[in-house]
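Novice: Structure of the sequence below:
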Amino acid sequence: MRFTPGVHTPRQYRNIALVGFMGVGKSTVGQVLAAILGFEFYDTDRVIETRAGKKISDIFAQDGETRFRAMESELVRELEARQGMVISTGGGLVVNPDNMASLKKHALVVCLWASPAVIFNRVRHQAHRPLLQTPDPEAKIMEMLELRRPAYQQADVLVGVDFRSAGDTARHLAQSFRRLTQGRETAPAQPAKTGADPTAAKRA
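Specialist: Modelled structure (predicted):
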């Protein structure tokens with residue numbers, strides 16, 4: 001794990017927000033991380049489904065992606081007043097820069113990054129992924145991942161998960177978060193350069 005370079009400006013970290021593409025393990029890592037830290041686990045996709053009374057795939061089909069994104073943004077604003085949470089976000093949530101800015105008001109934002117091949121292997125049999133209902137889902141993953149790369153690179157921390165188990169990732173994050181909140185480590189306010197390759201994080 002590596003903090004992205006930039007000017008060090010003090011921020012208050014009451015929560016941890018996990019961002020990244022579908023299939024990178026945000027929910028799995030988040031649940032383990034929450035248990036380690038004694039935090040509440042909060043999955044934005046699941047909360048939206050509960051409030052809407054239907055699955056995300058049905059929200060996309062019946063109400064459209066625009067409505068779903070609006071629900072995400074509404075939920076993100078609510079989280080600004082919360083603390084002691086590990087927040088697992090939807091894969092496209094931080095594409096909206098206002099959502100990323102909102103998360104950074106209270107959370108250490110961690111991007112879990114996986115290669116397109118690993119992501120495809122994990123989600124290829126998951127029928128509930130509305131954005132992958134195409135003749136060539138692997139190509140769609142590559143396309144979407146590249147489009148979202150600049151947004152993911154705005155996270156405070158990039159963590160490669162191709163060669164890490166969910167447990168190892170969670171323990172690593174818990175240790176680093178404790179050091180950070182105890183004042184022995186400083187995370188930057190500025191993101192990584194847009195041209196950086198997030199996959200380099202797996203070597204950290």
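Novice: Okay, now the unreliable bits of this structure?
Specialist: Under the criterion of pLDDT under 70, the regions of the chain flagged as low confidence span 1-10, 125-135, 183-204.
Novice: Could I get the full set of strands for it?
Specialist: All strands of the chain, identified by DSSP state E, fall at 2-3, 15-19, 40-43, 85-88, 107-113, 157-160.
Novice: which residue packs closest to residue 28, ignoring adjacent ones?
Specialist: Spatial nearest neighbour of residue 28, excluding adjacent residues (Cβ to Cβ, 6 or more residues apart in numbering): residue 166 at 4.4 Å. The C-beta positions use only the backbone N, C-alpha and C, and glycine is treated the same way.
Novice: For residue 149, see how far away that neighbour is.
Specialist: Look at residue 166 and residue 149: by Cβ to Cβ, to the nearest Å, they are 23 Å apart.
Novice: hang on, the earlier thing: turn the strands of the chain into TSV, columns for mean neighbour count.
Specialist: Rendered in TSV, the data for the strands of the chain read as follows (neighbours: other Cβ atoms under 10 Å):
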stretch	mean neighbour count
strand 2-3	16
strand 15-19	28
strand 40-43	17
strand 85-88	26
strand 107-113	26
strand 157-160	25
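Novice: among these, which is nearest residue 170?
Specialist: The closest approach between residue 170 and any of the strands of the chain, judged by Cβ to Cβ, belongs to strand 85-88 at 9.0 Å.
Novice: ok, residues contacting that closest one?
Specialist: Residues from elsewhere that reach strand 85-88, judged by Cβ atoms under 8 Å, 6 or more residues apart in numbering: 14-18, 26-27, 30-31, 33-34, 37, 39-45, 79, 103, 107.
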